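Undergrad: How does the following fold in three dimensions:
(4 chains)
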Protein chains: 2
Amino acid sequence: MSVYTSNQPRAGLDDDKIPPNCINNITVDNLIFAVENGNLKVLLVKYSEGLAADKWGLIGHWVQEDENLDSAAVRVVKTITGVDNLYLDQLAAFGNVDRYPIRRTITVVYYSLVRMEETCVVPKNDRSQCQWFDVRKLPELMFDHRHIMDKGLARLQYKVRHEPIGFNLLPEKFTLLQLQEIYEAILNKKFDKPNFRRKILKMNFLIDCKEKQTNVAHRAASLYRFDNHVYEKLREFGFTFEY
Amino acid sequence: MSVYTSNQPRAGLDDDKIPPNCINNITVDNLIFAVENGNLKVLLVKYSEGLAADKWGLIGHWVQEDENLDSAAVRVVKTITGVDNLYLDQLAAFGNVDRYPIRRTITVVYYSLVRMEETCVVPKNDRSQCQWFDVRKLPELMFDHRHIMDKGLARLQYKVRHEPIGFNLLPEKFTLLQLQEIYEAILNKKFDKPNFRRKILKMNFLIDCKEKQTNVAHRAASLYRFDNHVYEKLREFGFTFEY
DNA sequence: GCAAAAGTGTTCCGTTTACACCCATGG
DNA sequence: CCATGGGTGTAAACGGAACACTTTTGC
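TA: Modelled structure (predicted):
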């Protein structure tokens, strides 16, 4: 009997649970990040049976014979969160001989950024559950997932300082303070508001929507959106973005 | 008949050439960099038979059942160059469905820095040869190796600006101008000598050997060596090195 | 008016850049 | 004495950090 269903990537983690169309020694795992109330969160899964029962871990699955690694990562994230159009980047491959107890398994790890309000995490069932965790208050993780998490956090902190990826965590239109809170959540430090404004605006990645917030108990802030055109232009020629 | 011998990683590239103790769908490939006369070089291999006959490619091999990914990369580099104590870091995994013609193969790519004068590249034989190429004048590469090379160069350029890794390409004792030439070779741009000196020295990664060059037709330069102790200290607490 | 956040202005200070200039050595 | 690279000094420009201050909105 297999506990695998289309809704539960790597549901049981045991050797006989690998779906027949999958490569039996390659998985993808995902660090799925979101920000909620100024805190950086990561989505973890726990299985009630199998190898790592009752430990939390990254959301992953076996790679199918006919899909690219990136596609596998997108598939897994979409299956669990419902999010389709997401920011996704490869972290690294992890493949130490003893990282996975049953058999030699290499995992290619991706990290992705999702807007929490767009996610629709698949509900708990009797075999697995998913839950958002504050990245500074993580439970014990299965296998080498703690090591992977540390590498992933470091990479995310690097990325956000060198490419304008923060907007992937926000609604399409956002205020500068919201963006600042994203940076503060990821980098785990505070910034000076006036200086943050100037620095971000000088980079020219933001377009003023010419709209204001409404129904706020203070002066309404301008709404901005990310200028993908300018970003692609700069990508093409290589650029230096540094927060 | 297999053309594999211990001296020739992935000698033939054909399906029946995979050694029995290796995982048949995972390889490591290596971007082996060195600097010669102020030019950044990369070591490539060409096979006279098999799938990619007469095209140049990265130096790789199948991963053995009983070795970590890192160990496999070290093994391959040592086999080809004789270099043991090298700088080695993972670039990424590449695993598109169609990247390798015969069968689905995922490659985990590493990049390493070697001092060219310490290398002893295995000699040409009738089935393969290795050669150093200037990274700005590369031949056509097999499979997806051009794509991998571009990613690897970008990573190396990032790395050298954020961690003091340049000394891995130099003898133990070196002059500041030699170090500057490493930076110029990797980043493909010129720096102002006085400013480079000050910037590097201020970072405190270098120890003055209190020795001078000899037999040079100009004022003898001071020799420096890399201070691994200071580097590890800073690693521990997280640091910002930026060239 | 008050609280809260938006948004502007300004000062200070360290860093970067550009370049002038002197020093040591071999031929 | 000249060519070559080693090495120091410095002035101007730039950019980040800190913080005072004004503006707008809902209650």
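Undergrad: A:Asp54: neighbouring residues, count only.
TA: By other Cβ atoms under 10 Å in any protein chain shown, 11 other residues sit near A:Asp54. To be clear about C-beta, it is placed using only N, CA and C from the backbone, and glycine gets the same treatment.
Undergrad: any idea how far it lies from A:His61?
TA: With the distance defined as Cβ to Cβ, to the nearest Å, A:Asp54 ends up 20 Å from A:His61.
Undergrad: swap in A:Leu69?
TA: Counting by Cβ to Cβ, the separation of A:Leu69 from A:His61 is 12 Å.
Undergrad: intersection of neighbour lists for the two?
TA: Listed as contacting both A:Leu69 and A:His61 by Cβ atoms under 8 Å, 6 or more residues apart in numbering or on different chains are A:Val28.
Undergrad: ok, which stretches of chain A are strands?
TA: Here chain A has its strands, by DSSP state E, at A:22-36, A:39-47, A:56-57, A:59-64, A:87-94, A:106-113, A:128-134, A:206-212, A:222-226.
Undergrad: tell me which residues in the helix or strand of chain A with the lowest mean pLDDT are buried?
TA: Of all helical and strand segments in chain A, the minimum by mean pLDDT, DSSP states H and E falls on helix A:228-237, at a mean of 80. Residues A:Val230, A:Tyr231, A:Leu234 are the ones in helix A:228-237 that count as buried (16 or more other Cβ atoms under 10 Å in any protein chain shown).
Undergrad: near DNA strand C, from these?
TA: Filtering the buried residues of helix A:228-237 for proximity to DNA strand C by Cβ under 7 Å from any atom of the strand leaves nothing.
Undergrad: pLDDT below threshold where in chain A?
TA: A:1-16, A:238-239 (pLDDT under 70).
Undergrad: Spell out which residues of it are next to DNA strand D.
TA: With Cβ under 7 Å from any atom of the strand as the criterion, chain A meets DNA strand D at residues A:192, A:194-195, A:199, A:212, A:214-220, A:242.
Undergrad: let's see it at 10 Å
TA: For chain A, the contact set with DNA strand D under Cβ under 10 Å from any atom of the strand comprises A:190-199, A:202-203, A:212-221, A:242-243.
Undergrad: Can you select the buried ones from the residues you listed in ChimeraX?
TA: Buried residues among the residues of chain A next to DNA strand D (16+ other Cβ under 10 Å), as a ChimeraX selection:
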select /A:191,196,203,213,243
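Undergrad: The longest helix seen in chain A close to DNA strand C?
TA: Longest helix in chain A, counting residues (DSSP state H): helix A:145-162. No. Using Cβ under 10 Å from any atom of the strand, helix A:145-162 stays clear of DNA strand C, with a minimum separation of 15.7 Å.
Undergrad: Just list what that helix packs against, helices and strands only.
TA: strand A:22-36, strand A:87-94, strand A:106-113, helix A:176-187 (3 or more Cβ pairs under 8 Å, 6 or more residues apart in numbering or on different chains; DSSP states H and E).
Undergrad: deepest of these, which one?
TA: Per-stretch averages of neighbours, counted by mean count of other Cβ atoms under 10 Å in any protein chain shown, single out strand A:106-113 among those, with a mean of 24.
Undergrad: could you check the angle strand B:59-64 makes with it?
TA: Strand A:106-113 runs at 110 degrees relative to strand B:59-64, counting by axes from the mean of the first three to the mean of the last three Cα atoms, to 10 degrees.
Undergrad: How far off centre is strand A:106-113?
TA: Chain-centre distance of strand A:106-113: 9 Å, with Cα atoms, centre = their mean, to the nearest Å.
Undergrad: Which neighbours in the sheet does it have, and how are they oriented?
TA: Strand pairing for strand A:106-113, determined by DSSP bridges: strand A:22-36 (parallel), strand A:87-94 (antiparallel).
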